[in-house]
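>>> Just need the structure, nothing else, for what follows:
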Amino acid sequence: MTKHNPYPFYLISTLCLVVLAVLLLGRLRVPLLVSYLASISGITFLIYGFDKGRAVKNQGRVPEMILHGLALAGGIPGAFFGQLVFRHKTRKWKFRIVFILIFLLQIAALIYYWKKLQA
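Residues are numbered from 1 along each chain as shown. Modelled structure (predicted):
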């Protein structure tokens, strides 16, 4: 029996959810960047909750690369709160190290962007 590859499902469904959320927020005249960041963060939070539920039931899990990819794509606040609220991925040190590196990379990018705006 071949093993199911979950990556396409998670990538396509997440992309669809983000696009839908951005379009809905756009109808409320929320700026595009704010819409995107709120959408990706909220969806990341929900996927952390979904993955925790799957872990408790010992079912198929969301791949860690997907969770890290969502954080890297701008969902770091949702990932952080997902870890806090669901107590998920808080003991896996390899996961936490990558998470912290993504956070530091985004802070550095934000500082760089801010300094470019000030110049």
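
>>> Please count neighbours and contacts with C-alpha atoms only from this point.
OK.

>>> so how many other residues sit close to the nearest residue in space to L72 that is not next to it in sequence?
Spatial nearest neighbour of L72, chain neighbours left out: I102 (6.0 Å); criterion: Cα to Cα, 6 or more residues apart in numbering. Per other Cα atoms under 10 Å, the neighbour tally for I102 reads 19.

>>> ditto for H68
19.

>>> pretty sure it is touching L101, no?
No: in terms of Cα atoms under 8 Å, H68 does not count as a neighbour of L101; the distance is 10.3 Å.

>>> Show me where the protein has its helices.
With helices called from DSSP state H, the chain shows them at 7-27, 32-56, 64-70, 76-86, 93-118.

>>> Which strands and helices lie in contact with the longest one?
So the one you mean is helix 93-118. Packing contacts for helix 93-118, counted by 3 or more Cα pairs under 8 Å, 6 or more residues apart in numbering; DSSP states H and E, involve helix 64-70.

>>> Could you point out which residue ranges in this structure have low pLDDT?
Residues of the chain that meet the criterion pLDDT under 70 lie in 1-4.

>>> correct me, but the residue nearest to L72 touches L70?
No: I102 is beyond contact range of L70, at 10.4 Å (criterion: Cα under 8 Å).

>>> Contacts for stretch 36-45 next, please.
In this structure, residues lying in contact with stretch 36-45 by Cα atoms under 8 Å, 6 or more residues apart in numbering are 14, 17-18, 21-22, 67, 70-71, 73-82.

>>> change it to 10 Å
14-15, 17-26, 30, 32-33, 35, 46-47, 49-50, 66-71, 73-83, 85-86 (Cα atoms under 10 Å, 6 or more residues apart in numbering).

>>> for stretch 64-74, same thing?
With Cα under 10 Å, 6+ apart, stretch 64-74 has contacts from 6-7, 10-11, 14, 36-41, 43-45, 47-48, 51, 63, 75-80, 89, 95-96, 98-99, 101-103, 105-106.

>>> Much appreciated, bye for now.
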